[in-house]
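J.: Next input, structure requested:
(chains A, B, C and D)
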Number of protein chains: 4
Amino acid sequence: MGATKRIGILTSGGDCAGLNPVIRAVVHHANGNYGWDVLGICQATNGLMSRPPQAIHLDLNEVDRLLTLGGTMLGTTNKGDPFAFPMGDGTVLDRSNEIIEGYHSLGLDALIGIGGDGSLAILRRLAQQGGMNLVGIPKTIDNDVGLTERSIGFDTAVNIATEALDRLHFTAASHNRVLILEVMGRDAGHIALNAGIAGGADIILIPEIPYKLENVCAQIKKRQDRGKHFCLVMVSEAVCTEGGEQVTQMQQFGECRFGGIGQYIASQIAEYTGAETRVTVLGHLQRGGIPSPGDRLLASAFGVAAVDLIAQEKFDQMVTWQKRQVVSVPIAEAIQNYRNVDPQGTMVKTARGLGICLGD
Amino acid sequence: MGATKRIGILTSGGDCAGLNPVIRAVVHHANGNYGWDVLGICQATNGLMSRPPQAIHLDLNEVDRLLTLGGTMLGTTNKGDPFAFPMGDGTVLDRSNEIIEGYHSLGLDALIGIGGDGSLAILRRLAQQGGMNLVGIPKTIDNDVGLTERSIGFDTAVNIATEALDRLHFTAASHNRVLILEVMGRDAGHIALNAGIAGGADIILIPEIPYKLENVCAQIKKRQDRGKHFCLVMVSEAVCTEGGEQVTQMQQFGECRFGGIGQYIASQIAEYTGAETRVTVLGHLQRGGIPSPGDRLLASAFGVAAVDLIAQEKFDQMVTWQKRQVVSVPIAEAIQNYRNVDPQGTMVKTARGLGICLGD
Amino acid sequence: MGATKRIGILTSGGDCAGLNPVIRAVVHHANGNYGWDVLGICQATNGLMSRPPQAIHLDLNEVDRLLTLGGTMLGTTNKGDPFAFPMGDGTVLDRSNEIIEGYHSLGLDALIGIGGDGSLAILRRLAQQGGMNLVGIPKTIDNDVGLTERSIGFDTAVNIATEALDRLHFTAASHNRVLILEVMGRDAGHIALNAGIAGGADIILIPEIPYKLENVCAQIKKRQDRGKHFCLVMVSEAVCTEGGEQVTQMQQFGECRFGGIGQYIASQIAEYTGAETRVTVLGHLQRGGIPSPGDRLLASAFGVAAVDLIAQEKFDQMVTWQKRQVVSVPIAEAIQNYRNVDPQGTMVKTARGLGICLGD
Amino acid sequence: MGATKRIGILTSGGDCAGLNPVIRAVVHHANGNYGWDVLGICQATNGLMSRPPQAIHLDLNEVDRLLTLGGTMLGTTNKGDPFAFPMGDGTVLDRSNEIIEGYHSLGLDALIGIGGDGSLAILRRLAQQGGMNLVGIPKTIDNDVGLTERSIGFDTAVNIATEALDRLHFTAASHNRVLILEVMGRDAGHIALNAGIAGGADIILIPEIPYKLENVCAQIKKRQDRGKHFCLVMVSEAVCTEGGEQVTQMQQFGECRFGGIGQYIASQIAEYTGAETRVTVLGHLQRGGIPSPGDRLLASAFGVAAVDLIAQEKFDQMVTWQKRQVVSVPIAEAIQNYRNVDPQGTMVKTARGLGICLGD
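T.: Numbers count the residues shown, from 1 in each chain, chains lettered A, B, ... in the order given. Predicted coordinates:
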């Protein structure tokens, strides 16, 4: 098994379902099988920045029920780039060295960082700068990390968004309304496209395919001609019009970021079709939730594989899911290959096959 | 079994889970057992107002899968008081006689009307005016119909709101945030109070108990002192401050009715505590959904009992649930006994016992 | 608030969903609000029988996540009547005094006992004999405790059994099969009747209504005549034939208690109708599970009310749910009023109204 | 779009979740987009064997709500190899030509066959013999069809089995019991392994890894040493001992096929460890259920792609899922590459990393 080690694990960026199962898997394999010390770093890199560093020893008893818990027992944050850390008084400071010192002061042999592409890029920069042995695990409900078919949290988010659409279907049909569901995903339309197909949306708008309002309204009309006087519209938070402008930039809903886009499109539809519209913004409901079995499996496989990478001293690598296998790739490659929806790919073809309007 | 009859059934007001199971139960008992004709009236009273009246024959095959479907196969509407019907050009018209004529032209011996207190009051007025034999079934996610312990749709709505709180808990705890969940209920806080208790809210604000912001903030502070840097706040859509003004009236979010109240409270909390807040508006998600087993049972019991009332020619009655039994009461009494949350009742005591802040 | 107290709490009998939420509510109110010591007794009365007694101090931090956990954190057992305790060598011993001594040696002012009618009867006998101040809380998936409309665990069990029937419906219809679902309930058919109605069973067999095989087969035939070549049969574990013999006593499946009854009826149906049959035994799946919102509410209300009874020194009482209120009754009265399904009651009428065959 | 066509679609073998969404996707693309006639063949190949052939025209209105329905609206059967069809009197008959004639008499240009490897092999033999243009879609909860990462029905089955384990966990922990869950999968352990990992099993027994009872008991003992007096055991229906004999062949439970294996292992464990054991057989619950979002997506993608294969006249092909894409392969290759669990693969490594005992 090789020499005993002390490793750290942290969760970074927005929370999602599956983080706790990763922590559990890492502790089982690293502590339970290899006998290493495992330190859980609190609040992402902020735990390493604190003096003394904030971390807790993790053994099997600590992770006992994590499989079914959403979120992360270690806490996380998506605020505070350590290279330009907001000091609260309006200024920013490069605090990267404090994090690096925190890592070394804890005597860590390696660090498992769980994050999306943004977090992993920052962690890698810290690791390069400070001689930290980093292994990355991709997590994001947006599923936009490159080279891996799936990231942790996506499956649960799609399940929740699908279930929401299932529910809205009843009200839409009962009241002859056009119901709009706005979901997350940042610049990638994966949640909207997948949940839209799975939940039976009639129209799906994603950032990768600029939409024309007239196409959206034509689909509503086409359904009316079939005797269906209701419609389900799935909207990704960063959709843009044909002109290429993001809707978010065009409108003026002030700081009420969520709620704006769906509302904007609802107003457009109401104005041009006369349909009665209602908007639901799924918001934070899609982040949390009991991890789906799919996310538990992925998280478990990633956690175990990340520990094995450390045992083999293969650092600067990220675990990925490819063809039912965990495969490791250089972190740098993964974050250079941002992946959004392929407009020629299988899921877009599937949506078109189902007669779903994508706005183009 | 007595002479053969022809009866109508309609669903009125906002949709909710359990309407389809009522329709199913009525058809099974009236058509399957008694051999009566059952006509499903489309789009609430609008179906009787149309010429010809819009209605469909319902037999066992038509209602086969209704048990697990949310919404209503008959359609519904919560627009259009027939005594002051909006004509689309800004004027209103008393169209009550058209509905009454529609009832008689269909040759109906009786009508089962499913609605909340508002719809039932209108239906009763129509029945009194036009000699319609009416039996009422209470449905509303707000659970505010008097004399019945439960109305159709409430159980499912509470389940969905509870599940939402379960999910938000993970994100709140992971990010040390104050998360606010805004739910429906109109002037009654039943959904907020029940789902708030069931979902582990730390603060529950309901219309029946005016809140002071300082109490809300004190609870957040008290939890921080216990080392809990997050908080779950359940807010009913019509909460009001101690002064008695409805928050909805104080704020200026224009026609974006939903979303405003939770956002208003979130801003208040952020301002006075410095906490990071996020708002989720459950919206139409709580209306729809697969009917819960509880709502299916209630709906089935109500549907069967309503048919029996017609068989016994006991009209102008509403079915209620009391002590595990279906009991009928005069519709007039039920709608006079609007029931919101009793500030001295069991659920409020329970909330206080659990250390939940109710704002007072 | 009165003098400080030390109270104990134990869970007895088979586990079910809602026990943990009761424990949480008791700790919140007794410890959090009243400031009392709360001791959780391990493994039902066995914890008091051990030397030293096995108990753990419970404060808010210990009960933090109990709301969503099935089972009981204190452990339980349904083996070992303390008045005739099996010593493992085939003999039994009256160990009641050891339990009473355990209670007093812990310095308890009162004990909250959570159990079904059997457990509550034993606890009451111990309390009477040994001067223990007992308050009872009814829990049982069977819902057969008298004077209370609902007991903890029933709602979740009905939900799970309903969901099972929902699932079996698809396979039954796809394969034209008669599918039998066997559920628990002991001598009461509440689970079978409620979940059978909610899940759309075509036939429901319960202990309170002896069945004739010919009636069961006639219902299958009647459906075939309607073009429905499949059937869903819900069977309670202790059903009996018209002659009054329990099916369990007639058959010879040895110690494989569960699985036998449904299988027996399936064989009968296959033999007399030629239908293809399959049996599913729900078994322990209906005990566990995340507590339903309904069970969380009931458990919370009961836990808070039980603590208030102690504060008022009203002992030998059990909390009950009656007309949306918690009401306390003498334990003795509750356990004398065993309640099974009323063959003239609302739910039986509802089943008949829906055209469900009850075997008679 | 090419000339108009008439195509048939049938579902064969055991039902599972996702069949209805395939039918829906095929109808949307073939009828809605291409304008072809689509005939749904009833009861698998039996519909083609009947005179006249049993089939129904399918258009958009017919498939409207199929997305959320388990099972198959067309019916299915896993009885009756057409080359040796059981005639009911004990004899068998080659009825393959009747099916082929049925296909041609309906004027079909192509047939989409949805089935597992057994069904697809039979369909292919029929197609080769009778000049039928066949396109295959893999479905099976066992996930053992070669060349495709996923088959329809597997995701839902894993979800249900995982949820069952989640539930049993509570009872196991509350009662200090060893709970055994027996699941399907035939000769492949995919359901048991995936759901066992996702649901937190302590022991997973699959056909691909012969188990030694002493290893199973050692794991139970090891957990007891950690203070965990309960254990969750996931057992696949066709597990075998180290000697290589299938447990199913060793035991004598007669025709009660399901229930036997788990019970056998429970008895072994009870005998050798003294632990209290209970068995749950998941049975048909894992076949049915509302299709998971994952199965709805896969089914939709497969259905659309199968129609495109017909448009391109690429027959004798099966659609597969590979690296987030639908790829077609010769049916013959797929059924020659039966795939069970790779004992050196990622999921087995993951299980070992989590400290799960696999019996070896």
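J.: Mind jotting down where the helices sit in chain A?
T.: A:19-26, A:46-49, A:96-105, A:117-130, A:154-175, A:190-198, A:213-225, A:247-250, A:260-273, A:293-311, A:331-336, A:346-353 (DSSP state H).
J.: How far off centre is the last one?
T.: If you compare the mean C-alpha spot of helix A:346-353 with that of the full chain, they lie 22 Å apart, counting by C-alpha atoms, centre = their mean, to the nearest Å.
J.: Just put the helices of chain A in CSV and tack on mean neighbour count and distance to B:Ala301.
T.: Yep, even glycine has a C-beta here, placed from its N, CA and C like the rest. As requested, the helices of chain A are exported to CSV (neighbours: other C-beta atoms under 10 Å in any protein chain shown; distance: least, C-beta to C-beta, whole Å):
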stretch, mean neighbour count, distance to B:Ala301
helix A:19-26, 28, 42
helix A:46-49, 25, 55
helix A:96-105, 19, 62
helix A:117-130, 20, 53
helix A:154-175, 27, 22
helix A:190-198, 29, 34
helix A:213-225, 16, 36
helix A:247-250, 14, 48
helix A:260-273, 20, 38
helix A:293-311, 27, 36
helix A:331-336, 18, 57
helix A:346-353, 22, 43
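J.: looking at those, which has the lowest confidence?
T.: Sorting the helices of chain A by mean pLDDT places helix A:247-250 lowest, at a mean of 48.
J.: Identify whichever of the helices of chain A lies nearest to chain B.
T.: Go through those one by one with C-beta to the nearest C-beta and the one that ends up closest to chain B is helix A:154-175, at 3.3 Å.
J.: and the closest residue to chain C within the stretch 251-360 of chain A, what does it touch?
T.: Residue of the stretch 251-360 of chain A nearest chain C, by C-beta to the nearest C-beta: A:Ile290 (8.3 Å). A:Ile290 makes contact with A:17, A:68-70, A:156, B:166, according to C-beta atoms under 8 Å, 6 or more residues apart in numbering or on different chains.
J.: Which positions in chain A make contact with chain B?
T.: A:11, A:14-15, A:17, A:19, A:69-72, A:75-77, A:160, A:164, A:166-171, A:173-176, A:179, A:256, A:259, A:263, A:278-281, A:283-285, A:287-290 (C-beta under 8 Å from any C-beta of the partner chain).
J.: one step back: taking the contacts of A:Ile290 together, which two end up most distant?
T.: A:Thr156 and B:Asp166 (13.0 Å; C-beta to C-beta).
J.: ok, back up a step: looking at the contacts of A:Ile290, which is nearest chain C?
T.: Out of the contacts of A:Ile290, the member with the shortest distance to chain C (by C-beta to the nearest C-beta) is B:Asp166, at 6.1 Å.
J.: Next, the contact list for that closest one, please.
T.: A:288-290, B:199-200, C:68.
J.: Could you do A:Ile152 as well?
T.: Here A:Ile152 is in contact with A:16-19, A:22, A:114, A:137-140, A:295, A:298-299, A:302 (C-beta under 8 Å, 6+ apart).
J.: For the residues you listed, give me JSON lines that also has distance to B:Leu108.
T.: Formatted as JSON lines, these follow (distance: C-beta to C-beta, whole Å):
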{"residue": "A:Cys16", "distance to B:Leu108": "55"}
{"residue": "A:Ala17", "distance to B:Leu108": "52"}
{"residue": "A:Gly18", "distance to B:Leu108": "56"}
{"residue": "A:Leu19", "distance to B:Leu108": "59"}
{"residue": "A:Val22", "distance to B:Leu108": "62"}
{"residue": "A:Ile114", "distance to B:Leu108": "64"}
{"residue": "A:Ile137", "distance to B:Leu108": "65"}
{"residue": "A:Pro138", "distance to B:Leu108": "63"}
{"residue": "A:Lys139", "distance to B:Leu108": "60"}
{"residue": "A:Thr140", "distance to B:Leu108": "58"}
{"residue": "A:Asp295", "distance to B:Leu108": "53"}
{"residue": "A:Leu298", "distance to B:Leu108": "58"}
{"residue": "A:Ala299", "distance to B:Leu108": "59"}
{"residue": "A:Phe302", "distance to B:Leu108": "64"}
